[in-house]
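Asker: next one to model:
(one chain, ligands or ions: 1)
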Amino acid sequence: VGDQTREAPKTAGFSYDKWEINPSELTFMKELGSGQFGVVRLGKWRAQHQVASKTIREGAMSEEDFIEEAKIMMNLSHLNLVQLYGVCTQQKPIYLVTEFMELGCLLNYLRQRRGTLGSQDLLGICHDVSQGMQHLEQNGFIHRDLAARNCLVNSSLVVKVSDFGMTRYVLDDQYWSSSGAKFPVKWSAPEVFNFCKYSSKSDVWSFGVLMWEVFTEGKMPFEHNQNHEVVMMHHEDVLDGGKN
Ligand SMILES: CN(C)c1ccc2c(c1)CCN(c1cccc(-c3cc(Nc4ccc(C(=O)N5CCOCC5)cn4)c(=O)n(C)c3)c1CO)C2=O
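Answerer: Residues are numbered from 1 along each chain as shown. Model (predicted):
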């Protein structure tokens with residue numbers, strides 16, 4: 001089992017209200033980057049456990065809805081899911097505290113190591129993601145934005161699925177409306193970009209695109225096409241019943 005002093009405890013015993021973390025027990029260190037909700041930092045909980053802390057920028061997230069969901073997300077525990085340890089909601093901005101993944105996002109990992117990964121390594125990456133996604137499906141949980149950019153890699157080279165279900169709390173409509181510039185059309189099943197019909201089946205479509213990203217070691221899918229052209233291509237496939 002991992003070195004106990006470094007492995008933060010799962011969620012039990014992490015805080016008073018089981019999903020609330022006492023911010024005075026957190027210290028922040030280097031910035032890891034920023035995403036849809038704001039800055040993410042490496043942190044320490046009770047001075048020894050490495051964690052990642054995601055600060056939620058004012059107006060970026062529907063916070064009440066998320067806090068309700070956090071209680072459910074904390075119970076999703078699997079080797080291939082980035083663990084949500086808890087939230088700090090007693091002050092503004094609120095922040096989320098999760099497991100820390102030393103090597104960052106899978107997309108950059110693939111690009112940084114292009115040419116050094118064998119097909120067994122690439123298959124192992126896809127297997128890790130499939131195990132995490134199977135756990136989500138078994139718990140009736142839909143990711144809604146599975147892609148290599150939304151998976152993370154730790155120092156043991158284990159790949160974990162991250163930010164599952166978080167699209168539901170994004171307030172930036174460029175991100176979630178299917179005509180929005182940030183909508184992940186190239187990873188979306190036709191029923192998603194046509195009717196926003198999300199399901200574990202649409203997550204399977206995204207997993208297929210993620211496998212393509214892995215085996216091309218981080219290329220952009222449909223790299224010479226814009227989003228609206230990809231929509232038309234899939235539309236043509238549907239019209240001619242996928243014959244060619
Ligand atoms: C709505 N959806 C789908 C969302 C919402 C928010 C986010 C995302 C999707 C995904 C992106 N994202 C985000 C943004 C910023 C950080 C993290 C992010 C980055 C981590 N780790 C690292 C580690 C190292 C490095 C690094 O600097 N390097 C450079 C040298 O070579 C090694 C790697 C970067 N990140 C990490 O552990 N977590 C939990 C989150 C994350 C992941 O969380 C978000 O915050």
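Asker: list the contacts for the closest residue to the ligand within the chain?
Answerer: Evaluated by CB to the nearest ligand atom, the chain has G35 as its residue closest to the ligand, separated by 2.3 Å. All C-beta spots, glycine's among them, are computed from the backbone N, C-alpha and C. Contact partners of G35, counting by CB atoms under 8 Å, 6 or more residues apart in numbering, are 54, 163.
Asker: any idea how far it is from K197?
Answerer: As judged by CB to CB, to the nearest Å, G35 and K197 stand 25 Å apart.
Asker: do E20 as well
Answerer: Counting by CB to CB, the gap from E20 to K197 is 35 Å.
Asker: and for L122, the neighbour number?
Answerer: Using other CB atoms under 10 Å, L122 has 16 neighbouring residues.
Asker: before we move on, back to that, E20 and K197: who's more crowded?
Answerer: Taking other CB under 10 Å, E20 and K197 do not tie; E20 has more neighbours (16 against 12).
Asker: do I have it right that that one meets T89?
Answerer: Yes: contact criterion CB atoms under 8 Å: E20 and T89 qualify, at 6.6 Å.
Asker: circling back: beta partners of the residue of the chain closest to the ligand?
Answerer: Beta-bridge partners recorded for G35 (DSSP bridges): G38.
Asker: let me know the pLDDT of it.
Answerer: Listed pLDDT for G35 reads 94.
Asker: what does the one 10 residues further on give?
Answerer: According to the prediction, W45 has pLDDT 95.
Asker: next structured bit after the helix or strand of the chain with the lowest mean pLDDT?
Answerer: Every helix and strand in the chain was compared by mean pLDDT, DSSP states H and E; the lowest is helix 173-176, with a mean of 86. Next along the chain after helix 173-176, taking DSSP states H and E as the criterion, comes helix 190-195.
Asker: and the next helix or strand after that next one, anywhere near the ligand?
Answerer: Using DSSP H and E, the helix or strand that follows helix 190-195 in sequence is helix 200-215. No: using CB under 6 Å from any ligand atom, helix 200-215 never reaches the ligand; the gap is at least 11.3 Å.
Asker: list the buried residues in the next helix or strand after helix 200-215.
Answerer: Downstream of helix 200-215, the first helix or strand assigned by DSSP H and E is helix 227-239. Burial within helix 227-239, assessed by neighbour count using 16 or more other CB atoms under 10 Å, is assigned to 227, 230-231, 234.
Asker: re earlier: how about the least confident helix or strand of the chain against the ligand, any contact?
Answerer: No: Helix 173-176 does not reach the ligand (CB under 6 Å from any ligand atom); its nearest approach is 7.1 Å.
Asker: against which helices or strands is the helix or strand hosting S53 packed?
Answerer: If you go by DSSP H and E, S53 is part of strand 49-55. Judged by 3 or more CB pairs under 8 Å, 6 or more residues apart in numbering; DSSP states H and E, the packing partners of strand 49-55 are strand 26-35, strand 38-45, strand 95-99.
Asker: hmm, back to that, make CSV from the buried residues of helix 227-239 and add pLDDT to it.
Answerer: Output for the buried residues of helix 227-239, formatted as CSV (pLDDT from 0 to 100):
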residue, pLDDT
N227, 94
V230, 96
V231, 94
H234, 91
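Asker: residues contacting V230?
Answerer: Per CB under 8 Å, 6+ apart, neighbours of V230: 185-186, 222.
Asker: also N108?
Answerer: Counting by CB under 8 Å, 6+ apart, N108 has contacts G218.
Asker: that one: which element?
Answerer: Going by DSSP H and E, N108 is in helix 106-112.
Asker: any buried residues in the very next helix or strand once past that helix, and which?
Answerer: Using DSSP H and E, the next helix or strand after helix 106-112 towards the C-terminus is helix 119-138. Buried positions in helix 119-138, judged by neighbour count with 16+ other CB under 10 Å: 122, 124-126, 128-133, 135-136.
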